[in-house]
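Enquirer: generate coordinates for the sequence data below:
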Amino acid sequence: MTRTAALRRTALRRAALLAVPVAFFALFFAYPVAAITGRGLKEDGEWRPGTVFEVLTDPGVGQVLWFTLWQAAASTALTLALALPGAYVFARLDFPGKRVLHAVVTVPFVLPTVVTGAAFLGLTGRGGLLDDLWGVRLDTGVWAILLAHVFFNYAVVVRTVGGLWAQLDPRQEEAARVLGAGRFAAFRRVTLPALGPSVAAAGLMVYLFTFTSFGVIQILGGPRYATLEVEIYRQTAQLLDLPTAAVLTLLQLATVGLLLGVHAWIVRRRESSLALVDAAHTARPPRGAGERALLGGTLAVIALLILLPLGVLVERSLSGPDGYGFAHYQALGSRSGGTFAVAPWEAVGNSLSYAAVATLIALAVGGLAAAALTRRAGRFTRGFDALLMLPLGTSAVTVGFGFLIALDEPPLDLRSSWILVPLAQALVGVPFVVRVMLPVLRAVDDRLRQAAAVLGASPWRAWREVDLPLVRRALLVSAGFAFAVSLGEFGATVFIARADRPTLPVAVARLLGRAGELNYGQAMALSTILMVTCALTLVLLESLRPARHTELVA
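Expert: Numbers count the residues shown, from 1 in each chain. Now for the predicted structure:
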């Protein structure tokens, strides 16, 4: 086979792999977003370009954009600083309770952001735990917002970076130390460059989530602070000003697109094949005072920033006017005074079934996209790699309204279909599947695939025999993330979930929006159920890690 024919065959294979992801994002992301923004920028069927200039020159919009940018940067830097040591601890150290704790740190990521805000308000606000014990309040500035973002995104860094770190061959760093390099120099010259793409991917996801932060800012920021996401919601749901909301959505998309372009350029310059081993070979008990101190510091961070806020949720779910008990949980079996068309307890089953379907969709779409993007390609493929991240940086309010407006005519009349909710959830899950799978797939030495092809293996068999054993752990991490974000997705689901089939986040938000101690207690009870469900699911995924030990040497 000539080189030209081989390149043509590779291009056709990549195009076939990309067909499903391209169609999925065109139908369920680009089309709804274009429909809602187009409606906002038109009046009587004619475009109104003057609206764009009026909104962009508004000083208030400039202040919102500046706060959105810098708080996201500060949140990302703080999250990386606190979570990267945790990624090392979970990847390279073995200690009692590791798997359970690894699952627990992911729980905050599944909680609706409004619940995260409520938990930190109870921890850091007036009358909160810190105020009662030491008279300390953090809700008067941005610190409560930044810490809540760390709480929410800690697992993104630990699982994304730690998943690859656990598979890096430690013998490379040990060889550098044998040749005279110190511990820090060996890490900086050997390990850090290998982790670069994974750290960049984790930092990008954290930035996008904090850039579009809504529930945390709404509760902890009050009237003083607003992100673009909060302002879009205010203009859409409260003021019914679709033109302004459409311009802000386009501004958000443009900013996110620029960020994704810079990220793609940085990652392309740092890609390389790596020596990967089975994660079971790299973990060991901590050695020396330094590693024991690092483990202790990581456990202290987890206890203060993750376990303590989660404990606030549990305490408030059990606290009632007559003391502690399960009255709020028992009340979930009734219709809660007309708040729901069904008992709130049914939201648990709805969320689990929706999240399971959304996870399958995300794994199928994201897996195909990651396989197609494994090798360096042309501008279209690189551009699509960046577009896959846009759902994380697009207003969930825009996506939710877009679903209602765009998907209302045959053959895409899905407004009354149950599949609409898993589709919206999968939109957020696919980027996580791609970002977790891609660094590992690109780290696989291509010479192994070529050797398999020379021995007569088909592309499918080569992927099954070479790639799959090495990326199985990343696949499980991807499934865990997709399931978690599907369980906790709120922004778009709140607009499309049917009244008789609410999800857990929607049920929590509705209960929090109604006055009364019983409604608040039930919201905390549902949040605790959501937390426990996520923890059990992730513990199960941890227990399903493959026992087969495979090694890849570059």
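Enquirer: now for the closest residue to Y154 other than its chain neighbours: which residues touch it?
Expert: Closest residue in space to Y154, ignoring its immediate chain neighbours: A83 at 4.9 Å, by Cβ to Cβ, 6 or more residues apart in numbering. Every C-beta, even on glycine, is put in place using the N, C-alpha and C of the backbone. Listed by Cβ atoms under 8 Å, 6 or more residues apart in numbering, the contact partners of A83 are V150, N153, Y154, V156, V157, V158, V161.
Enquirer: give me the subset of these lying in helices.
Expert: V150, N153, Y154, V156, V157, V158, V161 (DSSP state H).
Enquirer: show me where the stretch 101-250 of the chain has helices.
Expert: Assigned by DSSP state H, counting those that start in this stretch, the helices in the stretch 101-250 of the chain fall at 107-110, 113-124, 129-134, 143-165, 170-178, 183-186, 192-211, 215-216, 228-233, 242-270.
Enquirer: and of these, who's closest to G38?
Expert: helix 242-270 (7.9 Å; Cβ to Cβ).
Enquirer: from the chain's centroid, how far away is the longest helix seen in the chain?
Expert: Assignment by DSSP H gives helix 59-92 as the longest helix of the chain. How far helix 59-92 lies from its chain's middle: 14 Å, per Cα atoms, centre = their mean, to the nearest Å.
Enquirer: tell me the buried residues within the ones in helices among the contacts of A83.
Expert: V150, N153, Y154, V156, V157, V158, V161 (16 or more other Cβ atoms under 10 Å).
Enquirer: which one of these is nearest to V114?
Expert: The nearest one, if we look at these relative to V114 and count by Cβ to Cβ, is N153, at 16.2 Å.
Enquirer: mind listing what the closest one touches?
Expert: When contacts are counted by Cβ under 8 Å, 6+ apart, N153 is found next to S75, T79, A83, F109, M205, V206, F209, T210.
Enquirer: that one and L260, how far apart?
Expert: 18 Å (Cβ to Cβ, to the nearest Å).
Enquirer: and what of R415?
Expert: 30 Å.
Enquirer: ok, the two, which is more surrounded?
Expert: L260 (21 against 15; other Cβ atoms under 10 Å).
Enquirer: excluding sequence neighbours, find me the nearest residue to the more buried one.
Expert: A386 (3.9 Å).
Enquirer: my guess is P422 meets L487, correct?
Expert: No. Judged on Cβ atoms under 8 Å, P422 makes no contact with L487 at a distance of 11.5 Å.
Enquirer: quick check, nearest of the contacts of A83 to Y225?
Expert: Nearest member of the contacts of A83 to Y225, counting by Cβ to Cβ, is V150, at 16.8 Å.
Enquirer: who are the contact partners of the closest one?
Expert: S75, L78, T79, L82, A83, L305.
Enquirer: just the closest of the ones in helices among the contacts of A83 to R435, please.
Expert: For the ones in helices among the contacts of A83, the nearest to R435 is V156 (9.3 Å; Cβ to Cβ).
Enquirer: pLDDT score assigned to the closest one?
Expert: Looking at V156, its pLDDT is 87.
Enquirer: same question, the one 4 residues further on
Expert: Here, the pLDDT recorded for T160 equals 83.
Enquirer: and stretch 71-89, C-alpha only, in PDB?
Expert: Coordinates of each C-alpha in stretch 71-89 appear next as PDB, following Å, rounded to 0.1, in the frame of the first residue of the first chain:
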ATOM      1  CA  GLN A  71     -12.600  34.700  39.700                       C
ATOM      2  CA  ALA A  72     -12.300  31.700  37.400                       C
ATOM      3  CA  ALA A  73      -8.500  32.200  37.100                       C
ATOM      4  CA  ALA A  74      -8.200  32.500  40.900                       C
ATOM      5  CA  SER A  75     -10.400  29.500  41.500                       C
ATOM      6  CA  THR A  76      -8.400  27.400  39.000                       C
ATOM      7  CA  ALA A  77      -5.100  28.400  40.500                       C
ATOM      8  CA  LEU A  78      -6.200  27.600  44.000                       C
ATOM      9  CA  THR A  79      -7.800  24.300  43.000                       C
ATOM     10  CA  LEU A  80      -4.600  23.200  41.200                       C
ATOM     11  CA  ALA A  81      -2.500  24.200  44.100                       C
ATOM     12  CA  LEU A  82      -4.500  22.200  46.600                       C
ATOM     13  CA  ALA A  83      -5.500  19.200  44.400                       C
ATOM     14  CA  LEU A  84      -2.200  18.400  42.600                       C
ATOM     15  CA  PRO A  85      -0.700  17.000  45.800                       C
ATOM     16  CA  GLY A  86      -3.800  15.000  46.300                       C
ATOM     17  CA  ALA A  87      -3.400  13.600  42.700                       C
ATOM     18  CA  TYR A  88       0.000  12.400  43.700                       C
ATOM     19  CA  VAL A  89      -1.200  10.900  47.000                       C
END
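Enquirer: and it, what's buried?
Expert: Using 16+ other Cβ under 10 Å as the test for burial, stretch 71-89 gives 71-72, 74-76, 78-80, 82-89.
Enquirer: what is the burial count for T503?
Expert: For T503, using other Cβ under 10 Å, the count is 28.
Enquirer: then R189?
Expert: A count of nearby residues for R189, using other Cβ under 10 Å, gives 12.
Enquirer: possible to save the contacts of V150 as CSV with distance to V190 and pLDDT?
Expert: Formatted as CSV, the contacts of V150 follow (distance: Cβ to Cβ, whole Å; pLDDT from 0 to 100):
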residue, distance to V190, pLDDT
S75, 29, 95
L78, 27, 95
T79, 24, 95
L82, 24, 94
A83, 21, 93
L305, 30, 89
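Enquirer: just the residues you listed now: which is nearest A283?
Expert: A83 (18.1 Å).
Enquirer: ok, now how distant is that closest one from P108?
Expert: Using Cβ to Cβ, A83 is found at 12 Å from P108.
Enquirer: anything in contact with each of those two?
Expert: Residues touching both A83 and P108 by Cβ under 8 Å, 6+ apart: Y154.
Enquirer: list phi and psi for D413.
Expert: D413 adopts backbone torsions of phi -90, psi 90, taken as degrees, to the nearest 10.
Enquirer: typo on my end, it should be T394
Expert: phi -100, psi 140.
Enquirer: and it, how close does it get to F25?
Expert: 11 Å.
Enquirer: higher neighbour count, the two?
Expert: Neighbour count, other Cβ under 10 Å: between T394 and F25, T394 has more, with 25 against 20.
Enquirer: hang on, the more buried one packs against F211?
Expert: No. Taking Cβ under 8 Å as the definition, T394 is not a contact partner of F211, at 10.4 Å.
Enquirer: overlap of the contact sets of these two?
Expert: With Cβ under 8 Å, 6+ apart as the test, T394 and F211 both reach Q252, V256.
Enquirer: quick one: the residue lying closest to V399 once chain neighbours are set aside from P410, how far?
Expert: Nearest residue to V399 in three dimensions, chain neighbours excluded: A492, at 4.5 Å (Cβ to Cβ, 6+ apart). Using Cβ to Cβ, we find A492 at a distance of 22 Å from P410.
Enquirer: with neighbour numbers in mind, choose between those two.
Expert: A direct count of neighbours by other Cβ under 10 Å for A492 and P410 places A492 higher, at 28 against 5.
Enquirer: ranges for the strands of the chain?
Expert: 42-43, 46-47, 276-277, 319-320, 323-324, 551-552 (DSSP state E).
Enquirer: by mean pLDDT, show me the worst of these.
Expert: Sorting these by mean pLDDT places strand 551-552 lowest, at a mean of 32.
Enquirer: just the closest of the contacts of N153 to A451, please.
Expert: M205 (34.2 Å).
Enquirer: tell me how far the residue nearest to the closest one when sequence neighbours are not counted lies from A175.
Expert: Excluding the flanking residues, the one nearest M205 by Cβ to Cβ, 6+ apart is V156, at 5.2 Å. With distances taken as Cβ to Cβ, V156 is found 31 Å from A175.
Enquirer: much appreciated, bye for now.
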